[in-house]
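In: Curious how this folds, go ahead:
(one chain, ligands or ions: 2)
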Amino acid sequence: MTSAPAPASRRDDSGHADVCVLVVDDDSEHAETIAESLRRTGYRTLVAGGGKSALETLESEHVDVVLTDLVMRDVDGMEILSTARRLHPDIEVVVMTGYASVESAVEVMKKGASTYLKKPLNIAELRTVIEKVVEKQNLSRSNLFLHQELDRKFGFSGIIGDSEAMQKVFSTLQAVAPTSATVLITGESGTGKELVAKAIHRNSPRRNYHFIPINCTAMPEGLIESELFGHEKGSFTGAIGARKGRFEFANHGTLLLDEIGDMPLSTQAKLLRVLEERCVYRVGSNVPIPVDVRLIASTNRHLEEMVREGKFREDLYYRLRVVTINLPPLRARQSDIALLIDHFIRDFAQQHGRRIEGITPAARTSLLAYRWPGNVRELRNTIEAMVVLARDPVLDLKDIPEEIAERREAAAPGAAPVFAGMTLERAEMELIRSTLEMTRGNREEAARILGIGERTLYRKLKEYKLGDVGKGGGEA
Ligand SMILES: Nc1ncnc2c1ncn2[C@@H]1O[C@H](COP(=O)(O)OP(=O)(O)OP(=O)(O)O)[C@@H](O)[C@H]1O
Ligand SMILES: [Mg+2]
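Out: Ligands and ions are numbered 1, 2, ... in the order given. Now for the predicted structure:
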């Protein structure tokens, strides 16, 4: 039999009213007495007059702590313990026993009970024990929350971003990293292609072997082949000794072919052969050397177009793009800019031992409005310079490098059309409107950028009839 939870007591300010304790004992009177003493300290309680009814309660109710008798007629405390942990991994179970032998106590603790209490119970001791158990639970729950929060911000392996585009990238990464599939990463310069390639390697079973990047740009044909595949002694002028290539170095690991669009056509043919045969041939040798390498290729060029123009082998292109990850330019990921600004400020302040506490809303808005042609790399360098050169603990407009402040005027499509000569009210309205457009209607973010509370923003949206801005709807 299970009684309904007692209403949270009004006079309770212990914070316990959020905590639900299930008391289980087939001596229902005893169970009720214990529950009553816990209710008096402010806990919500459920009472089960036997093991079976306890299992039903666990299936249907949210329970934080179970206080159960160990020896019962139908279902015993051990079984309650294991079912409770299976259904609610973070539940705390305290066992009461009238036969407090060392063995039974050790056994319940091994199975995951938080602690045990000897019958007859001492009410003061009971309250202290429950209090401690709840405290421990709160701590581990808030740690879990913190981790989830961190994961959201740090997306995947130190890649920061919470834009929709990056969420998609993260879920592809999660699926593809543990496999050996070839991955093609595309994106403008500075969007994080190499960072993503490293994240794939670090999250793959190959993580304990090498991650070897090689940049195909500006490498003459002969050199790139000897770099990739190695060479035998005397295979060309200057080949004094035999040398391993990057494929051999990367054996069991990951090879990143950076700027694969710049690879000469003849080398592309040889690369294809390696991928198909899983063997390399050193320059000047016919002996196949087996290699087990995961290949990641990256480029900021349009490979499909290059294929049409005959500058990139079609068969290699299809071979590489088994999984494609496209990193959008930073200007198309406004919410990531905001996140990255904060991240880089913290990071560089620490790295350079500067006490920088943050950035003013005006300076943030200005950075958000810039086009960032050099993407994350440019933003990173900009923030580093600002942190190093700042004279005050809060970064402001005056700290933004001139080139960026100047180019922003011309290049920012979302910049607020605020002019001298406007009323303050009009300027405020324009600023709110363009900030909302910038955040694509995300009010929480807009409020943060504007440095006002969300409720204030709501009030102003109503006042200026800007409710639909950024959501693709009409506006005032
Ligand atoms: N999402 C991100 N979070 C944190 N740092 C990032 C992110 N994207 C890029 N970076 C940082 O920006 C810099 C440039 O990134 P990366 O070298 O990976 O770019 P890339 O696309 O390979 O550029 P390029 O085409 O010029 O080689 C690096 O310092 C990298 O750590
Ligand atoms: Mg790169």
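
In: how close does residue 330 get to ligand 1?
Out: Residue 330 sits 8 Å away from ligand 1, going by Cβ to the nearest ligand atom, to the nearest Å. The C-beta positions use only the backbone N, C-alpha and C, and glycine is treated the same way.

In: Mind jotting down where the helices sit in the stretch 1-150 of the chain?
Out: Using DSSP state H, counting those that start in this stretch, the helices of the stretch 1-150 of the chain run over residues 28-39, 51-60, 77-87, 102-110, 123-154.

In: Quick check: which helices or strands does the fourth one pack against?
Out: Put plainly, it is helix 102-110. Counting contacts by 3 or more Cβ pairs under 8 Å, 6 or more residues apart in numbering; DSSP states H and E, helix 102-110 packs against helix 77-87, strand 92-97, strand 115-118.

In: pull the CA atoms of the shortest one into CSV?
Out: It refers to strand 115-118. Extracted C-alpha coordinates of strand 115-118, given in CSV (Å, rounded to 0.1, in the frame of the first residue of the first chain):
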residue,chain,number,x,y,z
THR,A,115,24.6,3.3,3.9
TYR,A,116,22.7,1.2,6.4
LEU,A,117,21.0,1.9,9.7
LYS,A,118,20.5,-0.5,12.6
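
In: Of all the residues in this protein, which one is nearest ligand 1?
Out: Nearest to ligand 1 in the chain, going by Cβ to the nearest ligand atom, is residue 192, at a distance of 2.7 Å.

In: Count the residues that sit near that residue.
Out: Counted with other Cβ atoms under 10 Å, the neighbours of residue 192 add up to 22.

In: ditto for the one 4 residues further on
Out: As a burial measure, the neighbour count of residue 196 was computed by other Cβ under 10 Å and equals 25.

In: Same question for residue 462.
Out: Residue 462: 10 surrounding residues under other Cβ under 10 Å.

In: Start at 11, not 1
Out: Renumbered: residue one is now 11, and that last one reads residue 472.

In: Could you tell me which residues of the stretch 211-360 of the chain lie near ligand 1?
Out: By the rule Cβ under 6 Å from any ligand atom, the part of the stretch 211-360 of the chain lying against ligand 1 is residue 310.

In: which residues of the stretch 211-360 of the chain fall in helices?
Out: 231-239, 256-259, 275-287, 313-318, 324-330, 344-361.

In: mind putting those helices in TSV, mean pLDDT and mean neighbour count included?
Out: Shown next, in TSV, are these (pLDDT from 0 to 100; neighbours: other Cβ atoms under 10 Å):
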stretch	mean pLDDT	mean neighbour count
helix 231-239	89	20
helix 256-259	93	20
helix 275-287	94	16
helix 313-318	94	15
helix 324-330	95	17
helix 344-361	92	19
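
In: Low-confidence stretches in the stretch 61-210 of the chain?
Out: 109-112, 151-165 (pLDDT under 70).

In: What parts of it come near ligand 2?
Out: Residues of the stretch 61-210 of the chain lying near ligand 2 by Cβ under 5 Å from the ion: 203, 204.

In: Pick out the residue of the stretch 61-210 of the chain closest to ligand 2.
Out: residue 204 (4.0 Å; Cβ to the ion).

In: what does the stretch 211-360 of the chain give?
Out: For the stretch 211-360 of the chain, the residue closest to ligand 2 is residue 268, as judged by Cβ to the ion, at 5.2 Å.

In: Against residue 194, how distant is the nearest residue to that residue once chain neighbours are set aside?
Out: Counting by Cβ to Cβ, 6 or more residues apart in numbering, residue 225 is the residue found nearest to residue 268 once chain neighbours are left out, at 4.5 Å. Per Cβ to Cβ, to the nearest Å, residue 225 is found 16 Å from residue 194.
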